[in-house]
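> pasting a predicted model and its sequence here:
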Amino acid sequence: MSTSASARTRRQGRVRSALPTSTALVFLAPAAILFAVFVLYPMVTAFTYSLFSWRGTSQDEFVGLGNFVALFTAEPYASQVPRAFGHNLLLFAGAMVVQNSLGLFLAVVLQRRERFRRLFQVLYTMPYLVSPLVIGYLWSLLLSPLFGPVNAALEAVGLDALALPWLGDPSTALWVVVMVTAWQWVGFPLLLYGAALGGLDPSLDEAAELDGATVRQRFFRITLPLLTPVIGTVSVLTFIGAMESFPIPYALGGSTGSPAGATDVMSLLFYRTAFQSGSSNAIGTSSAIAILLFVVIFGLSVLFTRWFRRTERRLF
């Protein structure tokens, strides 16, 4: 009797231990199915398409990496891919310098100002709740050299030399995209940095202040190192967003990245190739661009994440 009872107890224990796993699978199944249908399947399909040449919508012969090689050897892609990729990197650099630095500065200022903190957090956050396409079209109207209020205001205060055709000059168009993107998304790092600052132990800052450390020393030697995990998260998300950028460049420069390709990015190049090029192999080439962009984003994001984690381990 004791042997059968112990065996029954072991079986019941195994059933009880299996229940949480089965329950978790039930809750995870809908998300896993949606991910497989709307993310994984399109990725696999795009990779498969990139390995073949196409005649319109009819699959032709297997070319292996031929479509990828054509991106760097055949015109117009040999010149457009490096240019568009370089513009994506400039968008990332601009976002890091302007958007994230300003977001951190505002978060620190608001953290030390209890009054009106929530109001300003809402005001800075509101733009990124609006569609980027709408933001882009609004700024294209504001910066119009014919009737835009920005140039009108500059001329009204005597700064006629600064009243430029912002989106018509190749030397300024890309920086307009950078600034508009930073203006819209500055609220995102502001919220993350604000939440992280609110979670820091205030006794560390107080102890450093009692030891005679200045505000600058306390920030760079205590606060900033403690924000390293959040800085890593914001940096990786900023990189992904910059590499995937499409609505604002499209709204400000059109599908061709006007003027003269100054605002061209990889997503615009994919869009033109897939829907406007008129090439018989548009499916194969555009799929190759999409896979190339995915590999770059995924690979560099993993490298950035590992580097920040090593930095965190050295600091803590």
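Yep, it's here. Residues are numbered from 1 along each chain as shown.
> hmm, Q184 and V130 touching each other?
Yes - at 7.5 Å, V130 counts as touching Q184 under the criterion of C-beta atoms under 8 Å. (Glycine included, C-beta is placed from N, CA and C.)
> give me the more crowded residue out of these two.
Higher neighbour count among V130 and Q184: Q184, with 23 against 11, using other C-beta atoms under 10 Å.
> distance of the residue lying closest to that one once chain neighbours are set aside relative to G136?
Nearest non-adjacent residue to Q184, counting by C-beta to C-beta, 6 or more residues apart in numbering: P127, 4.6 Å away. Distance check for P127 against G136: by C-beta to C-beta, to the nearest Å, it reads 12 Å.
> ditto for M96
Counting by C-beta to C-beta, the separation of M96 from G136 is 21 Å.
> what does A31 give?
Per C-beta to C-beta, A31 is found 32 Å from G136.
> next one: L191
Taking C-beta to C-beta, one finds L191 at 22 Å from G136.
> re earlier: compare A31 and G136 (neighbour count), which wins?
For A31 and G136, the more surrounded residue by other C-beta under 10 Å is G136, and the numbers stand at 21 against 9.
> and the contacts of whichever strand or helix holds the more buried one?
For G136, the host element (DSSP states H and E) is helix 132-142. Applying C-beta atoms under 8 Å, 6 or more residues apart in numbering, the contact partners of helix 132-142 are 127, 147-150, 167, 176, 180-181, 184, 247-252.
> looking at the residues you listed, which is nearest F220?
Set against F220, the nearest of the contacts of helix 132-142 by C-beta to C-beta is T181 (27.2 Å).
> now the closest one. Nearest residue, chain neighbours left out?
Leaving out its chain neighbours, the residue that sits closest to T181 by C-beta to C-beta, 6+ apart is I248, at 5.5 Å.
> list the contacts for that neighbour?
I248 sits in contact with P132, L133, I135, G136, V177, V180, T181, Q184, where contact means C-beta under 8 Å, 6+ apart.
> among the residues you listed, which one lies nearest to P259?
Using C-beta to C-beta, these come closest to P259 at V177, 12.0 Å.
> helix or strand: which one has the closest one?
Here V177 sits within helix 170-185, counting by DSSP H and E.
> now that helix and helix 132-142, what's the angle there?
On the basis of axes from the mean of the first three to the mean of the last three C-alpha atoms, to 10 degrees, helix 170-185 is oriented at 130 degrees to helix 132-142.
> quick one, strands of the stretch 1-150 of the chain?
For the stretch 1-150 of the chain, the strands defined by DSSP state E, counting those that start in this stretch occupy 52-55, 58-62.
> and the pLDDT at V15?
With respect to pLDDT, V15 scores 45.
> which residues are common contacts for P127 and G136?
Residues touching both P127 and G136 (C-beta under 8 Å, 6+ apart): there are none.
> quick one on the thing from earlier: how would you label the residue nearest to T181: helix, strand or coil?
The three-state label given to I248 by DSSP: H, G, I helix; E, B strand; the rest coil is helix.
> against W183, how distant is the residue lying closest to L143 once chain neighbours are set aside?
Leaving aside its sequence neighbours, L143 sits nearest to W166 (C-beta to C-beta, 6+ apart; 4.5 Å). Using C-beta to C-beta, W166 is found at 14 Å from W183.
> now A29
41 Å.
> quick one, which of these two is more surrounded?
W183 (18 against 10).
> secondary structure element holding the residue nearest the centre of the chain?
Centroid check for the chain by C-alpha atoms, centre = their mean gives G241 as the closest residue, at 1.4 Å. Element membership for G241, per DSSP H and E: helix 228-243.
> now swap in R310 and tell me
Judged by DSSP H and E, R310 forms part of helix 282-315.
> what average pLDDT does that helix get?
92.
> quick thing: my sequence starts at 38, can you match it?
Okay, residue one is now 38; in that scheme the one you just asked about reads as helix 319-352.
> where in the stretch 88-237 of the chain is pLDDT low?
The model of the stretch 88-237 of the chain has no residue with pLDDT under 70.
> circling back to that earlier point, quick check, nearest of the contacts of I285 to I320?
L170 (25.2 Å).
> outside of the helix or strand that contains L261, which residues touch it?
If you go by DSSP H and E, L261 is part of helix 261-263. Residues outside helix 261-263 that contact it (C-beta under 8 Å, 6+ apart) are A233, L237, L241, L352.
> try 7 Å
Contact with helix 261-263 is made by L237, L352, as judged by C-beta atoms under 7 Å, 6 or more residues apart in numbering.
> buried residues in the helix holding G278?
Neighbour-count burial for helix 265-280, with 16 or more other C-beta atoms under 10 Å as criterion, is recorded at 265, 267-269, 271-280.
> and the residues you listed, which is closest to E192?
Closest to E192, out of all of the buried residues of helix 265-280 and judged by C-beta to C-beta, is A279, at 33.0 Å.
> report pLDDT for that closest one.
For A279, the model assigns a pLDDT of 95.
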